[in-house]
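K.L.:
have a look at this prediction, sequence included:
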Amino acid sequence: MTTLFLSIGIFEIFFISLILLFPTLALIDILKGKFDGNNKLIWALVVVFTNIFGAILYFLIGKNQKIQK
């Protein structure tokens with residue numbers, strides 16, 4: 001069991017942190033932003049249930065749907 005933890009390198013740590021950090025940043029941006037109708041709820045659900053893919057979709061498509069100040 002200890003050899004499993006010793007075999008994790010910087011490459012794996014980078015991807016694990018990316019998988020955790022990217023959707024979290026997307027959710028923070030969604031919750032802070034203003035959207036029309038139910039778009040905020042829909043984007044939050046997309047990111048929560050599809051994790052990294054939902055975050056990528058949000059940053060590519062959803063960020064443009066925010067109401068500009």
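P.N.:
Cool, the structure landed.
K.L.:
alpha carbons only for contacts and neighbour counts from here, please
P.N.:
Will do.
K.L.:
list the contacts of the helix or strand that Phe49 is a member of.
P.N.:
Secondary structure from DSSP states H and E places Phe49 in helix 39-60. Taking CA atoms under 8 Å, 6 or more residues apart in numbering as the criterion, the residues outside helix 39-60 that touch it are 19, 22-23, 26-27, 30-31, 33-34, 62.
K.L.:
try 6 Å this time
P.N.:
Residues from elsewhere that reach helix 39-60, judged by CA atoms under 6 Å, 6 or more residues apart in numbering: 23, 26.
K.L.:
got the buried residues for that helix?
P.N.:
Of the residues in helix 39-60, 40, 43-44, 46-48, 51-52, 54-58 count as buried by neighbour count, 16 or more other CA atoms under 10 Å.
K.L.:
out of those, which comes closest to Ile67?
P.N.:
When the buried residues of helix 39-60 are ranked by distance to Ile67 (CA to CA), Lys40 comes first, at 10.8 Å.
K.L.:
could you check the distance from the closest one over to Ala26?
P.N.:
When distances are taken as CA to CA, to the nearest Å, Lys40 and Ala26 turn out to be 11 Å apart.
K.L.:
centroid residue for this structure?
P.N.:
Within the chain, one residue has its C-alpha closest to the average C-alpha position: by CA atoms, centre = their mean, that is Pro23, at 1.4 Å.
K.L.:
how about the contacts made by that one?
P.N.:
Going by CA under 6 Å, 6+ apart, Pro23 touches 51-52, 55.
K.L.:
so can I have CSV of these showing pLDDT and distance to Gln68?
P.N.:
Compiled in CSV, the contacts of Pro23 are given as follows (pLDDT from 0 to 100; distance: CA to CA, whole Å):
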residue, pLDDT, distance to Gln68
Asn51, 90, 26
Ile52, 91, 25
Ala55, 94, 20
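K.L.:
tell me how many other residues crowd Leu20.
P.N.:
When counting by other CA atoms under 10 Å, one arrives at 12 neighbours for Leu20.
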